[in-house]
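**Q** Next input, structure requested:
(one chain, ligands or ions: 1)
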Amino acid sequence: MPCAIAWFRRDLRLADNPALATALASGQPVLPVYVLDDETEGVRPAGAASRWWLHHSLEALDADLRRFGSRLILRRGPAEETILALAAACNAASVDWNRAYDEGSRNRDAGLKRTLAERGIAARSHNGSLLFEPWEVATKAGQPFKVFTAFWRACRALDAPSRPLPRPDRVAGPGVWPDSDRLDEWMLLPRKPDWAGGLRADWTPGEAAALARLGDFVDDDLRHYPAARDRPALDGTSRLSPHLAFGELSPRQAWHAVTTRSGSAAAEKFLAELGWREFSYNLMFHFGPLDRRNFRPEFDDFPWQATDEAIEAWRRGRTGYPIVDAGMRQLWTTGWMHNRVRMIVASFLTKDLLADWRIGERWFWDTLVDADPANNAASWQWVAGSGADAQPYYRIFNPVLQGERFDPDGDYVRRWLPELAHLPAKTIHQPWTADSPPDPGLYPSRLVDHAAARGRALQAFKELKRAA
Ligand code: FAD
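**A** Below you'll find the predicted structure:
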């Protein structure tokens with residue numbers, strides 16, 4: 001009997017999964033498949049922290065499918081060839097997947113769709129990752145938006161996203177299962193050394209954990225979100241980002257959980273953050289590749305000038321600015337960093353050190369468990385000033401003032417920099433002013449003087465503006 005392939009990608013869930021639902025609706029036995037594609041040109045391989053997450057998320061999805069007597073077939077290779085070979089071997093009548101929006105994946109998927117159609121196999125793609133697809137939101141002149149507020153206003157004027165699809169109550173598989181790779185053989189987990197202890201301590205990948213986190217957030221934290229979301233020492237945000245990045249949760253599920261159970265100003269604030277995610281995807285789709293190319297081409301001539309030593313100090317959390325270093329160590333240890341601190345460390349790298357934003361983007365891509373092709377690149381460009389609707393060039397975060405404002409008691413810094421734990425709130429964000437400053441062997445002195453670095457950056461940005 002012919003089967004229906006449900007190709008899982010960044011949608012590692014059973015509920016609200018349009019590709020899976022369509023495959024199931026065909027009435028044919030469904031073959032759930034995941035392809036580890038590190039080979040297709042233009043499709044960016046996952047970074048190390050994402051690979052850790054991916055391993056556990058695939059494990060969870062397979063376990064969920066096995067409760068239905070089904071299973072997840074794992075294959076490794078260029079996705080187009082791999083899916084075609086599997087479709088031929090299993091006599092597939094159809095292949096369903098949820099869309100990706102980066103250029104490399106789109107080209108690959110378009111090629112696959114053509115070949116499947118030539119072979120008489122139905123190829124169907126669906127929206128499983130966005131509230132509004134990039135071509136559904138346009139200016140009155142039919143152009144893509146480049147400014148967030150106008151984009152989000154236009155989104156909110158559209159019909160609300162439809163209700164999430166229910167979790168299927170059965171997933172019938174074929175009588176004979178094709179071969180599958182063993183997940184362990186993919187070596188997605190770090191071994192020597194095993195640096196994932198902090199990730200294991202903080203995170204539980206998988207759909208069940210994603211839904212539990214969403215429920216807890218809506219019940220307990222949402223009402224405090226507007227006030228607490230900018231305070232890195234508090235658990236003031238949802239921490240749903242890796243679940244959304246891997247599609248263990250759809251933004252539609254988040255949208256409806258928040259609007260039906262709250263409907264308040266707090267809900268609006270949270271929805272606007274989902275809106276930033278939509279906006280990043282809109283930019284990537286219309287103006288990509290965002291991770292490699294400056295949105296503003298005048299930035300192609302920007303005189304980036306950071307030294308390797310300075311960049312390495314930033315990566316390791318040894319810049320001498322506590323809020324920057326705390327953020328970089330939170331990232332290294334847990335695979336995640338608070339949004340306010342992401343902005344501060346990105347500003348420090350691109351403005352104080354004058355390092356090309358792509359260096360930071362790549363580091364985040366490798367170390368974040370929520371590394372997302374659109375959000376990461378769009379956010380880096382936003383901070384660097386090279387992006388759409390970017391921060392104006394003269395806004396350069398002062399790491400001391402930012403620390404004092406958003407971590408007023410110094411608790412965030414104390415958590416990640418125990419060597420500064422003894423300092424009082426008054427000096428913890430500028431330890432060089434303390435009565436007894438820390439020993440430079442324990443905590444480094446400042447890599448740059450912020451006031452001087454700011455002046456240098458402003459000069460470089462002014463010259464760029466003049467030249468443009
Ligand atoms: P919440 O505040 O609870 O927000 C809910 C969801 O909205 C998030 O999970 C996320 O999906 C989305 N969201 C929130 N803020 C933003 C934003 N500014 N832009 C786009 N989407 C947003 N986010 C990623 O998901 N992946 C990345 O790789 C990523 N890289 C970033 C790099 C830099 C330099 C900066 C400044 C921001 C980056 N962000 C990225 C955006 C943001 O920092 C994270 O989404 C957020 O910190 C995740 O925590 P949360 O789930 O608790 O967020």
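**Q** how about the residues of the stretch 301-450 of the chain near the ligand?
**A** 339, 342-343, 346, 364, 368, 370-372, 375-376, 379-380, 383 (CB under 6 Å from any ligand atom). Placement of C-beta: from N, CA and C, glycine included.
**Q** What's the per-residue pLDDT of Gln391 here?
**A** For Gln391, the pLDDT comes out at 77.
**Q** what does the one 3 residues further on give?
**A** Taken from the predicted model, the pLDDT recorded for Tyr394 is 82.
**Q** three-state assignment of the nearest residue to it once chain neighbours are set aside?
**A** By the measure of CB to CB, 6 or more residues apart in numbering, the closest residue to Tyr394 outside its immediate chain neighbours is Leu458, 6.3 Å from it. Following DSSP: H, G, I helix; E, B strand; the rest coil, Leu458 is assigned to helix.
**Q** Give me the below-cutoff pLDDT ranges for the stretch 101-250 of the chain.
**A** Along the stretch 101-250 of the chain, the model assigns pLDDT under 70 to no residue.
**Q** Would you map the strands across it?
**A** Along the stretch 101-250 of the chain, the stretches classed as strands by DSSP state E, counting those that start in this stretch are 122-126.
**Q** Geometric centre of this protein: which residue is closest?
**A** Nearest residue to the geometric centre of the chain (CA atoms, centre = their mean): Asp372, 2.9 Å.
**Q** low-scoring stretches of the stretch 351-468 of the chain, by residue?
**A** For the stretch 351-468 of the chain, no stretch has pLDDT under 70.
**Q** which residues in it form strands?
**A** Under DSSP E, counting those that start in this stretch, the stretch 351-468 of the chain gives no strands.
**Q** Pick out the residue in the stretch 51-200 of the chain sitting closest to the ligand.
**A** Phe148 (9.3 Å; CB to the nearest ligand atom).
**Q** Can you point out the buried residues in stretch 302-309?
**A** Buried residues in stretch 302-309, defined by neighbour count with 16 or more other CB atoms under 10 Å: Phe302, Ala306.
**Q** got it, and stretch 339-352?
**A** For stretch 339-352, by 16+ other CB under 10 Å, it's 339-352.
**Q** Just those: which are in helices?
**A** Under the assignment DSSP state H, these contribute Asn339, Arg340, Val341, Arg342, Met343, Ile344, Val345, Ala346, Ser347 to helices.
**Q** any chance of those residues in CSV, plus pLDDT?
**A** Formatted as CSV, those follow (pLDDT from 0 to 100):
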residue, pLDDT
Asn339, 98
Arg340, 98
Val341, 98
Arg342, 98
Met343, 98
Ile344, 98
Val345, 98
Ala346, 98
Ser347, 98
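**Q** Including distance to Leu31, could those go into CSV?
**A** Output for those, formatted as CSV (distance: CB to CB, whole Å):
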residue, distance to Leu31
Asn339, 39
Arg340, 44
Val341, 43
Arg342, 39
Met343, 43
Ile344, 47
Val345, 43
Ala346, 42
Ser347, 47
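**Q** hmm, which two among the residues you listed are most spread apart?
**A** Using CB to CB, the two most remote members of these are Asn339 and Ser347, lying 12.8 Å apart.
**Q** sorry, back to before: backbone dihedrals for the residue nearest to the centre of the chain, please?
**A** Torsion angles at Asp372 (phi, psi; degrees, to the nearest 10) stand at phi -130, psi 130.
**Q** Next, the contact list for Ala390, please.
**A** Phe295, Arg296, Gln381, Trp382, Val383, Ala384 (CB atoms under 8 Å, 6 or more residues apart in numbering).
**Q** please redo it, this time with the cut-off set to 6 Å
**A** Trp382 (CB atoms under 6 Å, 6 or more residues apart in numbering).
**Q** could you give me the average pLDDT of stretch 39-50?
**A** pLDDT averaged over stretch 39-50 gives 96.
**Q** That stretch close to the ligand?
**A** No - shown here: stretch 39-50 not in contact with the ligand (CB under 6 Å from any ligand atom), separated by at least 9.3 Å.
**Q** in the longest helix along the chain, what counts as buried?
**A** Across the chain, the longest stretch assigned as helix under DSSP H is helix 265-287. If you call a residue buried by 16+ other CB under 10 Å, then helix 265-287 has these buried ones: 266-267, 270-287.
**Q** same thing with stretch 406-419?
**A** Phe406, Asp407, Gly410, Tyr412, Val413, Arg414, Trp416, Leu417.
**Q** who's in contact with the last one?
**A** It stands for Leu417. Pro322, Asp325, Ala326.
**Q** That one and Ala434: what is the separation?
**A** As judged by CB to CB, to the nearest Å, Leu417 and Ala434 stand 13 Å apart.
**Q** Repeat that for the third one.
**A** Counting by CB to CB, the separation of Gly410 from Ala434 is 12 Å.
**Q** Kindly report the same for the second one.
**A** Using CB to CB, Asp407 is found at 16 Å from Ala434.
**Q** what residues are up against Asp11?
**A** Here Asp11 is in contact with Asn17, Asn98, Gly128, Gly247 (criterion: CB under 6 Å, 6+ apart).
**Q** Surely the last one and Arg9 touch.
**A** Right, the one you point to is Gly247. No - with contact defined as CB atoms under 6 Å, Gly247 does not count as touching Arg9 (7.5 Å).
**Q** circling back: how about the residue nearest to the centre of the chain, nearest residue that isn't a chain neighbour?
**A** Distances taken as CB to CB, 6+ apart place Ala245 nearest to Asp372, at 4.5 Å, with adjacent residues excluded.
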